[in-house]
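**Student:** sequence isn't available, so here's the structure alone:
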């Protein structure tokens, strides 16, 4: 499978190679096993140093499951997750520990992701304590430094999560990740639970951390407005597969997969003059069940452009113009590209 | 553009005057709504935009008489629908209070439906209670309503439990129940916030179609300026329980005058622009348990002066819009 998500840079930090994550429900009365839910179904992507890749898609497309597989929180059913070209599943205990430090995750719901009975400083220090990294005094200093980097002070360090606002809680989540000195930060819908004025504060924080710490980001998001601001590349997922990857600029200028086009056309723009003249593409029906996929192209049941070929043959992710790959038999060409 | 006649369009379908609500919370008294007034005409879609805690949902619950009397410390205001006026904001029996004139659709449709009853049972119950319909006619009417909200396989949906339906489908069912009594005004409180963007587009389109067909007025509450821009012709911006700016949508988005409206618009991420949304609003919304003198936005406002911290600015009409600010910004374009 061609992987167009990789720029020419050599330092590949994190890589998914045909990763599948299937969930098998328990059998009914020991007789028949229901078909597995194919949450992630053959995804390949690469994250190089300094990159910001956004995986976008709607609920149930498998983007959060993919993030968990990349963070080695769940094992893929098939395929490999590689950190610095070493298979995470077969690497030794020591290597895996280093990988877990280098790839950190920030979660969507900050109040749910923080232990309500621990003080902020303890929450942020937990990873260092667990890994027995440095002397205690050094850990305390690293925690203070991490909190300072996310814009929290000593008064916040002694607080409990419940005493902080949503934006401050998310800053704690970010501090907990960067205190481990990671190379990759996987951000799973980190701004979704926040108000718009706070959202932008968190985006600005993440951007400044990228510059000061040289972090590579994998953003999991359904918010296409935020993605345009933070990502350098975009990968669109639909029913467990990547249907399009492109640089952020070319993706927003001229999406090529019919699903990408529909997705972008659905996002409202805060300008009534533009909204009044915009053409919205209404998708047909609902998303099929990930345990009962359509034959051929998974999007064909909702695609206005679908042809007989789309039902017979599943399209592979193929190169389509510079830096772009599309899994569609009839991709939409940019008019002036 | 709308099915409403000219005369109907001129009179307010709903008007709310000087609505104030204080709620009892564990941590003290919350000044949730601090004197807001607004009106919506038949066939009009009005948008109320604000962040969490700005009081927009409480204001709507108060308008519909749905506030829980247990937690209301004090509530006052005037709610007028057509020829009827209510002076009691808190009512003992919300079920019968302001219906059928007003109806509401909530954010989390799956939670708003009863999980142990089929959709059909819930819909026919409501129809039987309100219109005294027998089971057969009630079910027929329920099917009609599901057709009206563009559910293709109404029979299957009637026999389904809420968990068997998608979020978008549940929201369609909620809208069907809300419009079953043919209300004059439909309040949609963040109706698409829990939904995916393509489903959101479908639901917004549905609300518009219902408005076009029935001439119903719609009040849509959202934190998303994009949703407001797509739907509303008149916009109210709320901050800390007050309306800080109201204007026709075109004027508001082209040239917001209140520093908060302007900042909110500037920091809303857009898919049609590359430029980084500039200037996050510093700080956080105020603690609604403490009412400080002056403008509530002053601590976060870049133009604030000493006067802003001392005196609360009133909502002053100027042309087609009203602004509550001592130092309104913009004004590059005359209304």
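**Tutor:** Perfect, I can see it now. The structure presented is a predicted model; accordingly, all values stated were derived computationally and were not measured.

**Student:** helix/strand/coil for residue 212?
**Tutor:** You didn't pick a chain, so chain A it is. At residue A:212 the chain is in helix, as set by DSSP: H, G, I helix; E, B strand; the rest coil.

**Student:** so how far is chain B from it?
**Tutor:** 17 Å (C-beta to the nearest C-beta, to the nearest Å). C-beta here means a position set from N, CA and C on the backbone, and glycine is covered the same way.

**Student:** and residue A:158, by the same measure?
**Tutor:** 19 Å.

**Student:** now do the same contact list for that residue.
**Tutor:** Residues near residue A:158 by C-beta atoms under 8 Å, 6 or more residues apart in numbering or on different chains: A:119-121.

**Student:** per-residue pLDDT, the residue of chain B positioned farthest from its centre?
**Tutor:** Computed with C-alpha atoms, centre = their mean, the residue of chain B farthest from its C-alpha average is residue B:136, at 34.4 Å. pLDDT, the model's per-residue confidence, is 89 for residue B:136.

**Student:** again with residue A:4
**Tutor:** So, for residue A:4, pLDDT stands at 47.

**Student:** same for the least confident helix or strand in chain A by mean pLDDT, what does it pack against?
**Tutor:** Least confident helix or strand, chain A: helix A:110-113 with a mean of 87, by mean pLDDT, DSSP states H and E. Under the contact criterion of 3 or more C-beta pairs under 8 Å, 6 or more residues apart in numbering or on different chains; DSSP states H and E, helix A:110-113 touches helix A:166-178.

**Student:** residues in contact with the helix it packs on?
**Tutor:** Contacting residues not belonging to helix A:166-178 are listed as A:104-107, A:110-111, A:113-114, A:120, A:123-124, A:126-127, A:143, A:146-147, A:149-152, A:156, A:161, A:164, A:185, A:190-191, A:193-195, A:198, A:201-202, A:205-206, A:209, A:213, A:215, B:284 [C-beta under 8 Å, 6+ apart].

**Student:** same question, stretch B:178-185
**Tutor:** With contacts defined as C-beta under 8 Å, 6+ apart, stretch B:178-185 is touched by B:13-14, B:40, B:42, B:81-82, B:99-105, B:123, B:126-127, B:130-131, B:141, B:145, B:148-149, B:186, B:210, B:214, B:216-219.

**Student:** now those: which count as buried?
**Tutor:** B:13-14, B:40, B:42, B:81, B:99, B:101-105, B:123, B:126-127, B:141, B:145, B:148-149, B:186, B:210, B:214, B:216-219 (16 or more other C-beta atoms under 10 Å in any protein chain shown).

**Student:** so which of these belong to helices?
**Tutor:** B:123, B:126-127, B:141, B:145, B:148, B:210, B:214 (DSSP state H).

**Student:** where do the helices sit along the stretch 201-337 of chain A?
**Tutor:** In the stretch 201-337 of chain A, the helices defined using DSSP state H, counting those that start in this stretch lie at A:224-230, A:248-253, A:258-266, A:272-277, A:308-312.

**Student:** turn the ones you listed into CSV, columns for mean pLDDT and distance to chain B.
**Tutor:** Below are the helices of the stretch 201-337 of chain A laid out as CSV (pLDDT from 0 to 100; distance: least, C-beta to the nearest C-beta, whole Å):
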stretch, mean pLDDT, distance to chain B
helix A:224-230, 93, 3
helix A:248-253, 95, 6
helix A:258-266, 95, 4
helix A:272-277, 93, 4
helix A:308-312, 95, 19
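
**Student:** will you turn those into CSV that also has mean neighbour count?
**Tutor:** CSV is the format used below for the helices of the stretch 201-337 of chain A (neighbours: other C-beta atoms under 10 Å in any protein chain shown):
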stretch, mean neighbour count
helix A:224-230, 23
helix A:248-253, 18
helix A:258-266, 23
helix A:272-277, 14
helix A:308-312, 14
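
**Student:** redo those as CSV? Include distance to residue A:239.
**Tutor:** Shown next, in CSV, are these (distance: least, C-beta to C-beta, whole Å):
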stretch, distance to residue A:239
helix A:224-230, 18
helix A:248-253, 19
helix A:258-266, 10
helix A:272-277, 29
helix A:308-312, 14
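
**Student:** tell me who's in contact with the residue nearest the centre of chain A.
**Tutor:** In chain A, the residue lying closest to the centroid (C-alpha atoms, centre = their mean) is residue A:220, at 2.5 Å. Contacts for residue A:220 (C-beta under 8 Å, 6+ apart) come out as A:54-55, A:63-64, A:66-67, A:186-189.

**Student:** can you rerun that using 10 Å?
**Tutor:** A:53-57, A:63-68, A:70, A:105, A:107-108, A:186-190, A:192, A:227, A:237 (C-beta atoms under 10 Å, 6 or more residues apart in numbering or on different chains).

**Student:** show me which residues of the stretch 1-150 of chain B sit near chain A.
**Tutor:** Taking C-beta under 10 Å from any C-beta of the partner chain as the test, the list of the stretch 1-150 of chain B residues beside chain A reads B:47, B:49-54.

**Student:** return the closest of these with respect to residue B:199.
**Tutor:** residue B:47 (19.6 Å; C-beta to C-beta).

**Student:** in the stretch 101-250 of chain B, which residue sits nearest chain A?
**Tutor:** residue B:226 (3.0 Å; C-beta to the nearest C-beta).

**Student:** can I assume that residue is in contact with residue A:225?
**Tutor:** Yes. The pair residue B:226 / residue A:225 is scored as a contact, 7.7 Å apart, by C-beta atoms under 10 Å.

**Student:** hey, what's in contact with both of the two?
**Tutor:** Common contacts of residue B:226 and residue A:225, defined by C-beta under 10 Å, 6+ apart, comprise A:267-270, B:268-271.

**Student:** go ahead and confirm residue A:328 touches residue A:242.
**Tutor:** No. Between residue A:328 and residue A:242 there is no contact under C-beta under 10 Å: 11.6 Å.

**Student:** out of these two, which sits in the busier spot?
**Tutor:** Taking other C-beta atoms under 10 Å in any protein chain shown, residue A:328 and residue A:242 do not tie; residue A:242 has more neighbours (31 against 24).

**Student:** residues contacting that one?
**Tutor:** A:1, A:3-5, A:16, A:40-45, A:55, A:57, A:61-63, A:66, A:235-236, A:257, A:317, A:325-327.
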